[in-house]
Structures are given as C-alpha cells and as structure tokens.
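Enquirer: Just a sequence and a predicted model for now, questions to come.
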Amino acid sequence: MVVQSELEKLGLGIKKIKLGEVVLEKPLDSEQKHSIEQILIPLGFEVIDDKKSQIIEKIKTIIIDQVHHADNEPKMNLSDILCTQLNHDYNYLSNLFSEVEGTTIEKYFIAQKIEKVKELLVYDELSLSEIAHRLNYSSVAYLSNQFKKVTGLTPSYFKQIKEDKRKPLDHL
C-alpha cells in the first residue's frame with residue numbers, strides 16, 4: 001500500500017502491483033527512476049531494475065514462500081517449482097544465483113529451512129519429529145545433522161538456550 005501510494009503521488013500509472021513487484025503502464029525515464037529511489041529507499045524498499053536481479057529476488061521469494069508459507073501444499077521438488085514459476089532452465093537459474101549471491105540455491109534453501117526450524121522450536125508447539133515432517137525432512141536425524149551443521153548447535157541445545165533467555169512473566 002505504501003509503494004502504491006508513493007507511486008501514485010508521482011503520477012505513475014500502475015498496471016499491476018503485488019508483493020515485491022510493480023508493473024507500470026509506461027517505461028520510466030532516468031529522472032523518474034531517481035525519484036522513485038529517493039522516495040522508496042528511505043522507507044526500507046530496494047529498487048531492482050535489471051533482469052538478473054529480478055530473477056534472483058523471485059528465486060528468493062519463491063523459496064521463502066515454500067519454506068514459510070506452503071505448509072499444506074503438496075511437496076514438489078524445488079527445482080521443478082523454480083523452473084515452472086520462472087520459465088527458465090534450472091541450470092541457468094542455479095548458475096545465475098550462485099554467480100550473483102555467492103552461494104547456491106540449495107544452501108539458501110537449507111538456510112531458510114533452518115530459520116523455520118528455529119522459529120518452530122522457539123514456539124514450542126511441535127515436537128522435533130513434527131517439525132521434520134512439516135519441513136519435508138526424511139528423518140529427525142537428518143534435520144538434526146543439518147541444523148548442527150548450519151548453526152553449530154543441536155536443536156535441543158538451541159531450544160534450551162532460548163528457554164533460558166525467556167523470563168517468566170512473574171519475574172519481569
């Protein structure tokens with residue numbers, strides 16, 4: 001809503017707007033691009049103009065959506081999801097991502113999954129077995145090994161540390 005409001009103040013016609021993407025009715029000149037950057041960057045937004053950067057951001061958005069918001073959807077292979085949604089060969093996407101981000105799509109995906117595991121551990125509503133199932137791990141052992149490789153901690157030790165830092169309400 002903020003982006004839409006600011007673009008309308010500049011008199012720019014918006015064809016389509018959705019999370020992370022705006023399609024304008026007309027191409028921008030350099031002065032308009034500069035004006036948009038001057039307004040949106042201080043508000044915490046990033047203006048991505050070139051095609052490669054747009055593809056990278058779309059890859060990240062798809063991965064984040066798959067990890068954090070696709071709980072009830074049937075599990076598909078990540079490479080198939082990316083190819084289908086972005087209409088590019090996976091090798092092209094993978095090489096582009098690695099070149100620009102300095103890490104692989106797989107490592108980024110794993111990092112997002114581990115962040116989700118941390119979140120679910122802190123909420124303390126699911127067992128480690130349920131978390132492994134929800135995030136499509138083949139076993140609790142595999143999840144635990146991957147968690148330790150990324151964080152340096154076991155899931156149970158991470159959970160214990162977080163619980164130790166939380167104070168009961170009667171001690172505040």
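Expert: Here it is on my side, so go on.

Enquirer: Helix or strand with the lowest mean pLDDT in this structure?
Expert: Least confident element among the helices and strands of the chain, by mean pLDDT, DSSP states H and E: strand 21-24 (a mean of 78).

Enquirer: Check which residues of whichever helix or strand comes after it are buried.
Expert: Past strand 21-24, further along toward the C-terminus, the next helix or strand under DSSP states H and E is helix 30-40. Buried residues in helix 30-40, counted by 16 or more other CB atoms under 10 Å: 32, 35, 36, 39, 40. All C-beta atoms are positioned from the backbone trio N, CA, C, and that covers glycine.

Enquirer: how much space is there between the second one and residue 84?
Expert: For residue 35, the distance to residue 84 equals 36 Å [CB to CB, to the nearest Å].

Enquirer: just the last one next, same as before
Expert: For residue 40, the distance to residue 84 under the criterion CB to CB works out to 30 Å.

Enquirer: avg pLDDT for the helix or strand hosting residue 113?
Expert: Assessed by DSSP H and E, residue 113 sits inside helix 105-123. Averaging pLDDT along helix 105-123 gives 94.

Enquirer: per the record, what domains does the chain have?
Expert: Here the domain parsing of the chain from automatic domain parsing is 2-47, 53-165.

Enquirer: Would you mind finding the most buried of these?
Expert: domain 53-165 (a mean of 15; mean count of other CB atoms under 10 Å).

Enquirer: what's the offset of that domain from the middle of its chain?
Expert: 9 Å (CA atoms, centre = their mean, to the nearest Å).

Enquirer: before we move on, what about stretch 18-38?
Expert: On CA atoms, centre = their mean, the centre of stretch 18-38 falls 23 Å from the chain's centre.

Enquirer: what's the closest non-adjacent residue to residue 26?
Expert: Spatial nearest neighbour of residue 26, chain neighbours left out: residue 13 (6.5 Å); criterion: CB to CB, 6 or more residues apart in numbering.
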